[in-house]
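**Q** can you look at this prediction? I've put the sequence above it.
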Amino acid sequence: TPDSLERVFDGFVDELRVPLVGESARWGDAQRASEPYSVGDEWQTEVDFQKNTYLPNRSNTVLNQLKSQNLYPAIDAPIFGQFGGEVPVGYSLAMSLLGQEIHYTLDGSDPKDGGTIYVEEVILNESVEVKARTLSNGIWSALTHAAFYVGTVPASSANLVISELHYHPLSDDEGEEFVELMNIGAEAVDLRGVSFDDGIEFRFEEGTEESLRVIPPGGRVVLVGNEDDFLAVHDNGFAMVMGAMEGSLDNDGEQLVLRAADGEIIQDFTYNDQRPWPESADGLGYSLVLMNPSTGPDHGEASNWRRSVALDGNPGVGDAVGFVGDPDADSDGDGLTDFLEFALGNSVGEGSGVIRFEQGVEGLQLVFPARVGADGVRLVVEQSEDLMTWVPSDSFEEIDREAQGAEQELIRLRGLALGETRGFVRLRVEVR
């Protein structure tokens, strides 16, 4: 359309204007020494001509040329009452083409593959991609395609989080990398104008583009290194892919800055590949997952991140697991409640979730298993001198987390300045 053509043209003009000043200073007098060519005069005059005279008619000219050579359907495509953009909830979308049968869809699929026949105005109560074609004597028209934004709110730090990062795939293929965004708000979020401008680069286009840039409440979308490489690993992920990012995620960690359309910061943090950040995400096949994302946790705090349950991550869906049952029950009679066994990553009756001391190269170590994905659970090491008064222990530091399959990892804590005084240690499980 002339409008979309003008936006593309303006983009090229904005990109070229500044460098052409230097170019004209160097070469502007090569053919006209007494009156050098300049950006503000001759070039701007040509820009104005292209934009105001030539381009507005060019779409119809090219369309007629294609039709004359049978390269474009002779049947006109449907006309929308409004070609996409923001509309209120309950908006009535009219489609018109006198005397012709119109087929349309609201899910982004092609109407040729099973669309609905248009008989009256379509009521839009949520954001949709509308596609429509005219059908006449068994011949389909070209596609009319527009994105409508219904009842959305702008992206902000209150409703948008970075919920997963896959920065160092097992294959070392940067094309498999991805960044996942999640809407934690109660309303659909409009992503137009949102951008990454540090670490990686990506901008969700503005205007009334055809592709819908909306995340529904609780929804997730991803930006990928390379769409083909990503889909080769996640073959069900086409619908969640919003585009390919420029640059790649640093395997050693880096700062990521996500900005709203108005320039305000949505998220600004630095991830790392070393402890206390989950080291399993650094080339061992797992991704970084933000725990309890709906609470909007501090992205810069390593304790709010864990490795993914599955290899290659879980783009588009959450992988957190919750406890189901009576937390005080001991179904297998082994002295451990079902809730404790869940937190340790055991199956009831398995009995492998034991807490123990080991003598390591670096001294005494406290070793215990934990369930990966149990984001609603916190394991707290406590110590006591009399078995009566227990306080959180500051005598241990984490030195390793070893994967024990997809849903369990073995945590090792090194003892710090334990001294010679007799003491007791226990592991307490609490709900976050």
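**A** Here it is on my side, so go on. Numbers count the residues shown, from 1 in each chain.
**Q** how far away is the residue nearest to residue 157 when sequence neighbours are not counted from residue 289?
**A** Of all residues not flanking residue 157 in the chain, residue 266 sits nearest, at 4.9 Å (C-beta to C-beta, 6 or more residues apart in numbering). Using the backbone N, CA and C atoms, a C-beta is placed for each residue, glycine as well. In this view, residue 266 and residue 289 are 19 Å apart by C-beta to C-beta, to the nearest Å.
**Q** what's the answer for residue 249, then?
**A** Applying C-beta to C-beta to residue 249 and residue 289 gives a distance of 15 Å.
**Q** could you pull out the helices for the stretch 1-150 of the chain?
**A** Secondary structure of the stretch 1-150 of the chain (DSSP state H, counting those that start in this stretch): helices at 2-27, 44-49, 55-68.
**Q** just the pLDDT for residue 353.
**A** At residue 353, the pLDDT value in this model is 58.
**Q** go on, residue 208?
**A** For residue 208, the model assigns a pLDDT of 51.
**Q** pretty sure residue 199 sits against residue 256.
**A** Yes. With contacts counted by C-beta atoms under 8 Å, residue 199 reaches residue 256, the gap being 4.1 Å.
**Q** residues touching residue 363, list them.
**A** Residues near residue 363 by C-beta atoms under 8 Å, 6 or more residues apart in numbering: 414-415.
**Q** got the contact list for stretch 92-102?
**A** Residues outside stretch 92-102 that contact it (C-beta under 8 Å, 6+ apart): 75-82, 87, 104, 117-118, 121-124, 130, 132-136, 144, 148.
**Q** and what of stretch 279-290?
**A** Residues contacting stretch 279-290 (C-beta under 8 Å, 6+ apart): 161-170, 172, 178, 251, 271, 273, 277-278, 297, 299, 304-308, 310-314, 319, 401, 403, 409.
**Q** now swap in stretch 266-274 and tell me
**A** 155-157, 160-162, 165, 167-168, 194, 198, 251-260, 277, 279, 281-282, 288, 298-300, 302, 305.
**Q** write the PyMOL selection for whichever of these are buried.
**A** To isolate the buried ones among those in PyMOL, judged by 16 or more other C-beta atoms under 10 Å, type:
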select buried, resi 155+156+160+161+162+165+167+168+194+251+253+254+256+257+258+259+260+277+279+281+282+288+299+305
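**Q** which of the contacts of stretch 266-274 fall within helices?
**A** Secondary structure from DSSP state H places none of the contacts of stretch 266-274 in helices.
**Q** among the contacts of stretch 266-274, which are in strands?
**A** Among the contacts of stretch 266-274, DSSP state E puts 160-162, 165, 198, 255-259, 288, 305 in strands.
**Q** could you identify the least confident member of these?
**A** Within the set of the ones in strands among the contacts of stretch 266-274, pLDDT is lowest for residue 198 (82).
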